[in-house]
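[1] below are the sequence and a predicted model; questions follow.
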Amino acid sequence: MNIGNAIKDLRQQKGLKQTDFAAQCGLSQSYLSSIEKGRKEPTLSILKQIANALSIPMPVLVFFSLDQEDIDDNKKEAFKMLEPSIKGLINDVFIS
């Protein structure tokens, strides 16, 4: 799971600069940068703030942070097949 990459990707897809986005979240730019680079693990309350600032439900943020290592071995093939479609649908509904 890489929550930092997911936050960075979603922030950039929405065209938000890190400094402005950090302010929207009530965080310092350096703290947000540390989260995005995987140096800091955000608390649940910070994840809620970030999801709210991105205008997405927190489970969407968590889904975008999943990677192959998070999936049980016997379900990886199904996840690999479904992931692009699910991410595309979620992008259409929440990101675009």
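    The structure has been received and is ready for your questions. The model shown is predicted, which means the values in this text are computed figures rather than measured ones. Residues are numbered from 1 along each chain as shown.
[2] where's stretch 73-82 relative to the chain centroid, distance-wise?
    Distance of stretch 73-82 from the chain centroid (CA atoms, centre = their mean, to the nearest Å) equals 20 Å.
[3] now it: mean pLDDT?
    Mean pLDDT, stretch 73-82: 92.
[4] what do you get for stretch 22-33?
    Averaging pLDDT along stretch 22-33 gives 97.
[5] and it, end to end?
    9 Å (CA to CA, to the nearest Å).
[6] name the residues of that stretch that are buried.
    22, 24-25, 27, 32-33 (16 or more other CB atoms under 10 Å). Bear in mind the C-beta positions are built from the backbone N, C-alpha and C, glycine included.
[7] now stretch 8-16
    Burial within stretch 8-16, assessed by neighbour count using 16+ other CB under 10 Å, is assigned to 8, 10-11.
[8] could you do stretch 54-72 as well?
    For stretch 54-72, the neighbour count (16+ other CB under 10 Å) marks 54, 56, 60-61, 64-66 as buried.
[9] stretch 36-50 now?
    By neighbour count on 16+ other CB under 10 Å, the buried set for stretch 36-50 is 36, 42, 46-47, 49-50.
[10] so which two of these are the farthest from each other?
    The distance between the two most remote of those (CB to CB) is 14.4 Å, for E36 and Q49.
[11] tell me who's in contact with the closest residue to Q49 other than its chain neighbours.
    With sequence-adjacent residues excluded and distances taken as CB to CB, 6 or more residues apart in numbering, Q49 is closest to C25, at 4.8 Å. With contacts defined as CB atoms under 8 Å, 6 or more residues apart in numbering, the neighbours of C25 are 32, 46, 49-50, 53.
[12] ok now stretch 29-43, how far from the chain's centre?
    Its chain's average C-alpha position is 12 Å from that of stretch 29-43, according to CA atoms, centre = their mean.
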